[in-house]
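Trainee: could you work out the structure for the sequence below:
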Amino acid sequence: MNHRKTLTGTLLAAALLASGCTGGGGSSKGADAEAADDPAQVSGSITVLTHRTDIVQDGTMKKYADDFNKTYPKVKVKFDAITDYEAEVKIRMNTDNYGDVLMIPAVIKKNDYPKFFASLGSQKELSEKYRFTDFTAVDGKVYGQSPMGAAPGFLYNKRIWAEAGVTDWPTTPAEFLTALKAIKSKTDAVPYYTNFAAQWPLSQWTAVNGSVSCDTEATTRLAEGNPWGEDGELRVADQLLYDIVHQGLIEKDPTTTNWENSKPQLAKGEIATAWLGSWAVIQFRQAAEKAGADPDDIGFMPFPARVDGKACATVNPDYNQAVSIHSQHKEAARAWIDWFTDKSGYAQDNLSISTLKDAPLPEVLKPYEEQGVELIELDDAKGGTVKEIDNASEVGINAPAYRQELVDIARGAKDGDVDDFLDDLGKRWTEAAKTVGS
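Mentor: Numbering: from 1, shown residues only. The predicted structure follows:
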């Protein structure tokens, strides 16, 4: 499945058929996508672009659409499931034809959202009901809405960790490395699985940002500082990834990893650990059931860092759904986004964090609650600046390339020194920050 890189995520972290997407009745109601007053009167045919090829293929999305039509009988929903979502939608957005509803691609600069998407309303009003509104807010207006959120963490096989004698969550990177070494020496499992070949899982490591410091202003510090400086959170993350690889605690050949196969392998205990996000837990538990393994063996732990003895994990939106500014059926498109967020049950079905502020946390995060892990939502006011710096620096903090290079250096497939490599990232970043006026 080509899931979110959120991851952020973050992730990572996600267009329309070239012949055109809209049809049926209805008309545009200006630049804004207005909420429907009378669902029975909303009409039009809309195309929804999605990265969730898996649940389009298995019919799950059609079931959502059928439920949607019980409330909005005059709206016809068609899905365009795209495997290489980011790359293809980026191309389609050079035209006016990129669907009625789409997941906002990571490549689009935040400050450019008003050029491509219809406003969903004021942030002040929407933030009273929903999480994550500032992630797509420009000049006080919101341009996207995520149907769910997730927290980053390590998926791990609890049985294998226990066999290695590790029952408490590591609280520092050093303790985490010690735990992986115990797994290597006392079990037959691969201690850590990089998912190097799939590429996007490596970008998930950026979601560490905020978890090390427990700072809701971590995104602002990305914009104003050096993420790979002495105390930079991405340096902490990337150093741990380097050490895991350099100390031989991964699969034999990262270039042969397989994302789909990693799910039953971790479920059965052939793999012990993988850094992903809470969104992945249900997929690995389902893989356990199919493989005849125990779904309860799938655990979830936070990054090994503590502030005054407390662990933190950021809560980030999945892909944000937006209404194309070129849609001829903005009211119908807006109706889909609101219904999918509020009524579909999509977040619950994926054991994810609901975008609705008053909704309870999913069961997969009960261990976080029990262990006192603080869930923090980052202030994304500087998110647009961070994207501009990232583009100017050509680092790609939400892309896999630089971490693939880091892994290659760590395993000896490429010459280089880790300190020099990370220092160079920091230099490029801070120089780019000056060019964008940060």
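Trainee: from Asp238, how far off is the residue nearest to Gly426 when sequence neighbours are not counted?
Mentor: What sits nearest to Gly426 in space, not counting adjacent residues and going by C-beta to C-beta, 6 or more residues apart in numbering, is Trp228, at 3.7 Å. Backbone N, C-alpha and C define where each C-beta goes, glycine included. Using C-beta to C-beta, to the nearest Å, Trp228 is found at 7 Å from Asp238.
Trainee: overlap of the contact sets of the two?
Mentor: Leu422 (C-beta atoms under 8 Å, 6 or more residues apart in numbering).
Trainee: ok so, going back, residues in contact with the residue nearest to Gly426?
Mentor: Residues near Trp228 by C-beta under 8 Å, 6+ apart: Leu234, Arg235, Asp238, Leu422, Asp423, Leu425, Gly426, Trp429.
Trainee: where does it sit: helix, strand or coil?
Mentor: The three-state assignment at Trp228 reads coil, by DSSP: H, G, I helix; E, B strand; the rest coil.
Trainee: Ala182: neighbouring residues, count only.
Mentor: When neighbours are counted by other C-beta atoms under 10 Å, Ala182 registers 17.
Trainee: could you do Glu363 as well?
Mentor: Glu363: 11 surrounding residues under other C-beta under 10 Å.
Trainee: does the closest residue to it other than its chain neighbours count as helix, strand or coil?
Mentor: Using C-beta to C-beta, 6+ apart and skipping residues adjacent in sequence, the residue nearest Glu363 is Leu351, 6.3 Å away. Classification of Leu351 using three-state DSSP returns coil.
Trainee: from here on, call the first residue 461.
Mentor: Sure, I'll start counting at 461 from here, so that last one is Leu811.
Trainee: for Tyr524, see how far away Leu811 is.
Mentor: For Leu811 relative to Tyr524 (C-beta to C-beta), the value is 17 Å.
Trainee: any idea how far the longest helix along the chain is from the middle of the chain?
Mentor: For the chain, the helix that runs over the most residues, judged by DSSP state H, is helix 878-895. With C-alpha atoms, centre = their mean, to the nearest Å as the basis, helix 878-895 stands 24 Å off its chain's centre.
Trainee: would you mark the buried spots in that helix?
Mentor: Going by neighbour count (16 or more other C-beta atoms under 10 Å), the buried part of helix 878-895 is Val878, Phe881, Leu882, Leu885, Gly886, Arg888, Trp889, Thr890, Ala892, Ala893.
Trainee: kindly report the same for stretch 789-799.
Mentor: Neighbour-count burial for stretch 789-799 [16+ other C-beta under 10 Å]: His789, Lys790, Glu791, Ala792, Ala793, Arg794, Ala795, Trp796, Ile797, Asp798, Trp799.
Trainee: and which of those residues is nearest Leu682?
Mentor: Ile797 (28.2 Å; C-beta to C-beta).
Trainee: which element is the closest one on?
Mentor: If you go by DSSP states H and E, Ile797 is part of helix 790-802.
Trainee: got it, and Gly670?
Mentor: Per DSSP H and E, there is no helix or strand for Gly670.
Trainee: not counting residues beside it along the chain, what's closest to it?
Mentor: Ala678 (3.7 Å).
Trainee: do you know how far that neighbour is from Lys601?
Mentor: Taken as C-beta to C-beta, the span from Ala678 to Lys601 is 24 Å.
Trainee: cool, and Asn851?
Mentor: 23 Å.
Trainee: the more surrounded of those two?
Mentor: Lys601 (21 against 14).
Trainee: look up the closest residue to that one, ignoring the ones flanking it.
Mentor: Lys601 sits nearest to Ser579 (C-beta to C-beta, 6+ apart), 4.3 Å away.
Trainee: check contacts around that neighbour.
Mentor: So Ser579 contacts Ala491, Asp492, Ala493, Lys601, Val602, Tyr603 (C-beta under 8 Å, 6+ apart).
Trainee: for the residue nearest to the second one when sequence neighbours are not counted, helix, strand, or coil?
Mentor: If you skip the residues right next to it in sequence, Asp492 has Ser579 as its closest partner in space, 4.7 Å away by C-beta to C-beta, 6+ apart. The three-state assignment at Ser579 reads coil, by three-state DSSP.
Trainee: got the phi and psi for Ser579?
Mentor: The phi/psi pair for Ser579 (degrees, to the nearest 10) reads phi -70, psi 140.
Trainee: tell me the spacing between it and Ala496.
Mentor: Counting by C-beta to C-beta, the gap from Ser579 to Ala496 is 16 Å.
Trainee: which residues are in contact with Pro860?
Mentor: Counting by C-beta under 8 Å, 6+ apart, Pro860 has contacts Gln659, Trp660, Pro661, Leu662, Ser663.
Trainee: got phi/psi on the second one?
Mentor: To tie it back to what came earlier, the one meant is Trp660. Dihedral angles for Trp660 - degrees, to the nearest 10 - are phi -60, psi -30.
Trainee: no further queries at this time; thank you.
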